[in-house]
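J.: From the sequence below, what's the structure:
(one chain, ligands or ions: 1)
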Amino acid sequence: MPFPFDIAATDGRARTGVLKTARGEIRTPAFMPVGTAATVKALTVDQVAQTGADILLGNTYHLMLRPGPERMERLGGLHKFMRWDRPILTDSGGFQVMSLSGISKLTEEAVTFSSHIDGSKHVLTPERSIEIQADRLGADISMQLDQCVSWPAERPAAQAAMELSIRWGARSKAAFGTRETQALFGIQQGSTFEDLRRQSSEQLLEIGFDGYAIGGLAVGEGHAAMCEVLDYAPEMLPVDRPRYLMGVGKPVDLVEAVARGVDMFDCVLPTRAGRHGQAWTWDGPLNLKNARFAEDQDPLDATLNCPASSTYSKAYLHHLIRADEILGKVLLTWHNLAFYQALTAAMREAIAAGRFEAFRSDFHARHVSNSK
Ligand SMILES: CNc1nc2cc3c(=O)[nH]c(N)nc3c(CCN)c2[nH]1
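T.: Sure, this is the predicted structure:
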């Protein structure tokens, strides 16, 4: 029996609910902070938990290279290793190989690549990816191995990658088998071709997964083109299972994707932007390096119950970022994750109250109008 997904309310195409896992409940719409190398960069897991995150993302690619799957298992698995006892979703590695490792070769059987760390050679098959995610790392939710084409993609290349991803989805499911306390998600591909995405969705359904991701987006197509795909792609997937939009996104991306039926997100933006001095707020992004904050005694957001957002002055944050102080990266990362959790919490409440459209237009008026 897969993880129960109880949709509490819908408002238009937007949904809010709870995905029940063996390690705890995930409130949707949900944002997953990225913990690529067994750490959400610059924060302790206690700080991450304090922001309200119900689930983290880990990466097979990075963890199989270092510390290695078998060592991780000997150390008790990823949750114990990094002291995060709530759910973890791990990505399967294919996307990271293409975007990170130097040399890589993709065949029907596997993707082979050399480590960007030490050049060592590695082979990743659907079977090995599932073994690493579910058995060595102990992920609560594993992702099938897939192939994500870059954008723009020629139709033949998009079709070939979508069809390979389906075959790899079937192999991932066979390797995963039936498990009571862990889940496996399939990944829809097809680039910006509606009929390819429909074929992908129909074949994923035949295989049968506990949840379904929308892959192949946030690869350079831009917000408008992504929304055009989201006008049809989420609803090709089962209405009663979680829909996860991979790698997304900016705050406005989350709002517009929730409006189109997406339930789960992951993105490095809040943590990466935080390390580079950018703070996300209800009034748009702020670049704390900017001289206008040098004597701004107000906090970033007194309404957020996060010390980084409500107790430090922007002047102090400006100083820390200008001085390239580690604490500046810590505080802005902490604030950004708290903001993303406040954003998803506000969307959950708006959907439950039947006022998502009002939330959405207020958000555009306040946040988007101030974004560059
Ligand atoms: C930042 N943009 C982005 N697009 C993605 C597509 C896939 C995708 O199509 N497949 C997989 N497996 N991962 C993706 C990721 C990584 C998510 N953490 C993506 N990230």
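
J.: Show me how far stretch 92-102 is from its chain's centre.
T.: Put simply, stretch 92-102 sits 16 Å off its chain's centre (Cα atoms, centre = their mean, to the nearest Å).

J.: likewise stretch 329-348?
T.: 14 Å.

J.: So for it, what gets flagged as buried?
T.: For stretch 329-348, a neighbour-count test (16 or more other Cβ atoms under 10 Å) marks 329-344, 346-348 as buried. Every residue, glycine included, has its C-beta placed from N, CA and C.

J.: cool, and stretch 108-117?
T.: So, applying 16+ other Cβ under 10 Å, buried residues of stretch 108-117: 110, 111, 112, 113, 114, 115.

J.: Count the neighbours of the residue lying closest to the fifth one once chain neighbours are set aside for me.
T.: What that stands for is residue 114. Of all residues not flanking residue 114 in the chain, residue 103 sits nearest, at 4.9 Å (Cβ to Cβ, 6 or more residues apart in numbering). Counted with other Cβ atoms under 10 Å, residues neighbouring residue 103 total 10.

J.: Confirm for me that residue 103 is in contact with residue 113.
T.: Yes. Using Cβ atoms under 8 Å, residue 103 is in contact with residue 113, at 6.4 Å.

J.: partners of the residue of the stretch 251-372 of the chain found nearest the ligand in the sheet?
T.: Here the residue of the stretch 251-372 of the chain nearest the ligand is residue 266; by Cβ to the nearest ligand atom that distance is 4.9 Å. Counting by DSSP bridges, residue 266 is bridged to residue 32.

J.: That one: what's it in contact with?
T.: Residues in contact with residue 266 (Cβ atoms under 8 Å, 6 or more residues apart in numbering) are 31, 32, 33, 34, 57, 89, 244, 246, 247, 248.

J.: Same list, these, but only the ones touching the ligand.
T.: 57, 246, 247 (Cβ under 6 Å from any ligand atom).

J.: If any of the residues you listed are buried, put those into a ChimeraX selection.
T.: Of those, the buried ones can be selected in ChimeraX as follows, counting by 16+ other Cβ under 10 Å:
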select :57,246,247
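
J.: Among the ones next to the ligand among the contacts of residue 266, which ones are in strands?
T.: Among these, DSSP state E puts residue 57 in strands.

J.: could the ones next to the ligand among the contacts of residue 266 go into CSV alongside pLDDT?
T.: Formatted as CSV, these follow (pLDDT from 0 to 100):
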residue, pLDDT
57, 98
246, 98
247, 98
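
J.: Out of the ones next to the ligand among the contacts of residue 266, the closest to the ligand would be?
T.: residue 247 (2.2 Å).

J.: Do I have it right that that closest one meets residue 221?
T.: No. If you go by Cβ under 8 Å, residue 247 and residue 221 don't touch, sitting 11.6 Å apart.

J.: Got phi/psi on the nearest residue to residue 311 once chain neighbours are set aside?
T.: Spatial nearest neighbour of residue 311, excluding adjacent residues (Cβ to Cβ, 6+ apart): residue 299 at 6.3 Å. Backbone geometry at residue 299, expressed as degrees, to the nearest 10, gives phi -70, psi 170.

J.: if we can go back for a sec, out of the contacts of residue 266, which end up buried?
T.: 31, 32, 33, 34, 57, 89, 244, 246, 247, 248.

J.: my guess is the first one meets residue 254, correct?
T.: Yes. With contact defined as Cβ under 8 Å, residue 31 reaches residue 254; the gap is 6.9 Å.
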